[in-house]
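Asks: Take a look and give me a structure for this.
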Amino acid sequence: MRPNDGNIRTILRGVHLFAELAPAHLSELALASRTDSFERNQAIFRSGDSVRDLYFLISGQVKLSVSSVRGYEKIIDVVEPGRCFGEAELFCDRRCLTTAVALKTSHSLCISGKDIRHIMALDPRVGLRVMKLMAQRQVDMENELAARHFHSGSQRLLDYFLSICNPSRDRTGETQFTLRTTKQVLASRFDMQPETLSRALRDLTQAGLIAAHGKRIILNNARVDRYLAREAPAQGSVLAAGRRLPRPGERPRAGRTSTTAAQGRDGFPRSYCDEINRCGRQRMLSQRMANSWLMLQQRLLPRRARQVLGQSIELFDQQLLSLEVPVGSAASSSARAELAELWPSYKALLDAEPNRKNARLLYDMNEAVLEAAHRLTLGFEAADGTPKGRLLNLAGRQRMLAQRMAKLFLFQHAGIEVSKSRMELEKTGMEFSAAFAKLATATEDQAAIASELHSVAEHWHTLQSATVPRARSSFPTLARKAFASSENLLLRMDRAVELYARLPA
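Replies: Numbers count the residues shown, from 1 in each chain. Next comes the predicted model:
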């Protein structure tokens, strides 16, 4: 789309890079620019492209993301109107890694990179601003990397809210704003599962820092400022919100507990429920990865199995990086270290060719990873020390048991540790049924949980029927049925676990 040059010059004057540019240079740049429209979900440029323009977003919203070969997507930024994007891709002489996609109908000013370089040579101020823009992008990414490893989900979410409001946020009363993106996109932006984002919002609400009404967020400015001032910032260890990161080996200050059920290191009243759920998910993923790998070995549902395997590996990797053990827990520290030590070998095996030789190695390796993840989960349950924590662990373990059932069925058919697989299959079924009865009894007055457990029971019966020994000729049908029902059961149990996490302490 080509509007008149006067309109383009007006837009260019609003771009910080070209502020105070000489009229002749501005006119030259306007001739080399165009406006373009992108429909929702339309790619502006993709990984592997050569980017030749700088983009200035006039309206709409654009996500910048990177993807793995297995199809996992990580959103690294969401661009709002008034911002440029594509600058690093433009000035780096290599094909880009990032993909830019319009999240909603968007309009952008596309400025020729060749002509920007010409203007930079004529006016050094433009080159300096480009350097500052790219330096700020680097600093933002470093801050986010540090926050990902050292801040809780609640803390990172609050930082994001503050970045939206500042510098207009008052120090008294309330500040309101509306989220312009979906919770799914926001969760991906912060490497969270949607349920983790929901819990982070709930933590902030329970701490009295915010009120959330759908996409409308209300900040309690006085409480937020008291929280921000709780610790004085130290030079060299400050993130965006000005809070100091704990130094290696630093002891908690007198009068404060470190990561207890009453108060976390970020100052939010919370329990260990998030960590119990996350470690429990690692426990489940250890079995899910073996399950999908074995489906590939049997050449059954290869496309779906490869997708599940890739997503599970990516999620296990991410969660392992973010796990922090309870302070003073030697058992949990040992389990966390063992899990980190086992993972590279297990991951390499999962990336290897799905054949019988590797399947034999996989049997023992996935059991060792499961054991380490289980001990780590028990460590968090013990640190939490509440009935709710024990209930959450019990519910989370059901996800693993369903995947384990399908895995053991596949190992048994493959002729690997047949008697052991058969014995463990029976033992796993008994454990699932006993735990299911406990969960149903403990929350029989919770209608929402009862509804989810009803669906869980239906999928559980399907999984049980699929793993009963039959004629060898019926194996492909039963294996597909077991794989599908274990995935459906996982989805239902994930929803149930989320409901258990919402129960009052």
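Asks: packing partners for the lengthiest helix in the chain?
Replies: In the chain, assigned by DSSP state H, the helix with the most residues is helix 356-384. Judged by 3 or more Cβ pairs under 8 Å, 6 or more residues apart in numbering; DSSP states H and E, the packing partners of helix 356-384 are helix 273-297, helix 330-351, helix 387-413. Where C-beta positions appear, they are placed from N, C-alpha and C, glycine not excepted.
Asks: Now find how far off-centre the longest one is within its chain.
Replies: Using Cα atoms, centre = their mean, to the nearest Å, the mean C-alpha position of helix 387-413 is found 22 Å from that of the whole chain.
Asks: Now it: average pLDDT?
Replies: Averaging pLDDT along helix 387-413 yields 95.
Asks: Next, the buried residues of stretch 35-43.
Replies: Under the neighbour-count criterion of 16 or more other Cβ atoms under 10 Å, stretch 35-43 has 35, 38 buried.
Asks: pLDDT weak spots in the stretch 151-300 of the chain?
Replies: By pLDDT under 70, the low-scoring segments of the stretch 151-300 of the chain are 151-152, 166-168, 171, 230-271.
Asks: Tell me which helix or strand Leu490 sits in.
Replies: Take DSSP states H and E as the rule and Leu490 turns out to sit in helix 475-501.
Asks: who does that helix touch, helix- and strand-wise?
Replies: Helix 475-501 packs on helix 194-206, helix 273-297, helix 302-322, helix 387-413, helix 447-466, going by 3+ Cβ pairs under 8 Å, 6+ apart.
Asks: Phe45: which of those is closest?
Replies: Phe45 lies closest, by Cβ to Cβ, to one member of those: helix 302-322, at 23.3 Å.
Asks: Which parts of that closest one count as buried, going by neighbours?
Replies: 305-306, 308-316, 319-320, 322.
Asks: just those residues: which has the poorest pLDDT?
Replies: Ser322 (75).
Asks: Tell me the spacing between it and Leu370.
Replies: For Ser322, the distance to Leu370 equals 20 Å [Cβ to Cβ, to the nearest Å].
Asks: hang on, the earlier thing: report the buried residues of the helix holding Leu490.
Replies: 475, 478-490, 492-501.
Asks: Would you mind giving the helices and strands packed on helix 475-501 as JSON lines with distance to Leu158 added?
Replies: What follows is those, written out as JSON lines (distance: least, Cβ to Cβ, whole Å):
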{"stretch": "helix 194-206", "distance to Leu158": "6"}
{"stretch": "helix 273-297", "distance to Leu158": "15"}
{"stretch": "helix 302-322", "distance to Leu158": "17"}
{"stretch": "helix 387-413", "distance to Leu158": "24"}
{"stretch": "helix 447-466", "distance to Leu158": "28"}
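Asks: and those, which is most packed in?
Replies: Highest mean neighbour count of those: helix 273-297, a mean of 26 (counted as mean count of other Cβ atoms under 10 Å).
Asks: and that one, what other elements does it pack with?
Replies: Judged by 3+ Cβ pairs under 8 Å, 6+ apart, the packing partners of helix 273-297 are helix 194-206, helix 302-322, helix 330-351, helix 356-384, helix 387-413, helix 475-501.
Asks: Run the chain-centre distance for it.
Replies: 15 Å.
Asks: Same check on stretch 469-487?
Replies: 32 Å.
Asks: could I get that stretch in CSV with only the CA atoms?
Replies: Extracted in CSV, the C-alpha atoms of stretch 469-487 (Å, rounded to 0.1, in the frame of the first residue of the first chain):
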residue,chain,number,x,y,z
PRO,A,469,-3.1,-58.8,26.9
ARG,A,470,-4.7,-59.9,23.6
ALA,A,471,-3.8,-61.6,20.4
ARG,A,472,-0.6,-60.2,18.9
SER,A,473,-2.5,-59.2,15.7
SER,A,474,-4.6,-56.7,17.7
PHE,A,475,-1.5,-54.9,19.1
PRO,A,476,-1.4,-51.9,16.7
THR,A,477,-5.1,-51.0,17.4
LEU,A,478,-4.6,-51.4,21.2
ALA,A,479,-1.4,-49.4,21.2
ARG,A,480,-3.0,-46.5,19.4
LYS,A,481,-5.9,-46.7,21.9
ALA,A,482,-3.6,-46.8,24.9
PHE,A,483,-1.6,-43.9,23.6
ALA,A,484,-4.7,-41.8,22.9
SER,A,485,-6.3,-42.6,26.2
SER,A,486,-3.2,-41.8,28.1
GLU,A,487,-3.0,-38.4,26.5
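Asks: Now render the buried residues of helix 302-322 as JSON lines, adding distance to Ser333.
Replies: As requested, the buried residues of helix 302-322 are exported to JSON lines (distance: Cβ to Cβ, whole Å):
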{"residue": "Ala305", "distance to Ser333": "35"}
{"residue": "Arg306", "distance to Ser333": "35"}
{"residue": "Val308", "distance to Ser333": "31"}
{"residue": "Leu309", "distance to Ser333": "29"}
{"residue": "Gly310", "distance to Ser333": "30"}
{"residue": "Gln311", "distance to Ser333": "29"}
{"residue": "Ser312", "distance to Ser333": "25"}
{"residue": "Ile313", "distance to Ser333": "24"}
{"residue": "Glu314", "distance to Ser333": "25"}
{"residue": "Leu315", "distance to Ser333": "23"}
{"residue": "Phe316", "distance to Ser333": "19"}
{"residue": "Gln319", "distance to Ser333": "17"}
{"residue": "Leu320", "distance to Ser333": "14"}
{"residue": "Ser322", "distance to Ser333": "16"}
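Asks: Looking at these, which one is closest to Ser455?
Replies: When those are compared against Ser455 (criterion: Cβ to Cβ), the nearest one is Val308, at 20.2 Å.
Asks: Skip the chain neighbours and tell me the closest residue to the closest one.
Replies: Ser292 (4.3 Å; Cβ to Cβ, 6 or more residues apart in numbering).
Asks: for the one you found, what are its contacts?
Replies: 305-306, 308-309, 312, 483 (Cβ atoms under 8 Å, 6 or more residues apart in numbering).
Asks: so how far is Lys63 from it?
Replies: 28 Å.
Asks: Please apply the same query to Arg95.
Replies: 19 Å.
Asks: Out of these two, name the residue with the larger neighbour count.
Replies: Lys63 (21 against 12; other Cβ atoms under 10 Å).
Asks: and the strand or helix carrying the more buried one, which strands flank it?
Replies: Using DSSP H and E, Lys63 maps to strand 53-67. Using DSSP bridges, the strands paired with strand 53-67 are strand 73-79 (antiparallel), strand 84-85 (antiparallel), strand 99-112 (antiparallel).
Asks: and that strand, how far out from the chain's middle?
Replies: With Cα atoms, centre = their mean, you get 21 Å for strand 53-67.
Asks: do the same with stretch 457-467
Replies: Distance, centroid of stretch 457-467 to centroid of chain: 30 Å (Cα atoms, centre = their mean).
Asks: Show residues contacting it.
Replies: With Cβ under 8 Å, 6+ apart, stretch 457-467 has contacts from 402, 405-406, 408-409, 425, 429, 432, 436, 478-479, 481-482, 485-486, 488-489, 492.
Asks: What distance do you get for the closest residue in space to Ile8 that isn't next to it in sequence to Ile11?
Replies: In this structure, Ile8 finds its nearest non-sequential neighbour in Ala30, 4.4 Å apart by Cβ to Cβ, 6+ apart. Ala30 sits 9 Å away from Ile11, taking Cβ to Cβ as the criterion.
Asks: And those two? Which one has more around it.
Replies: More crowded of Ala30 and Ile11, by other Cβ under 10 Å: Ala30, with 23 against 18.
Asks: following the helix or strand where that one lies, which helix or strand comes up?
Replies: Taking DSSP H and E as the criterion, Ala30 maps to helix 23-31. As assigned by DSSP H and E, the chain's next helix or strand after helix 23-31 is strand 33-38.
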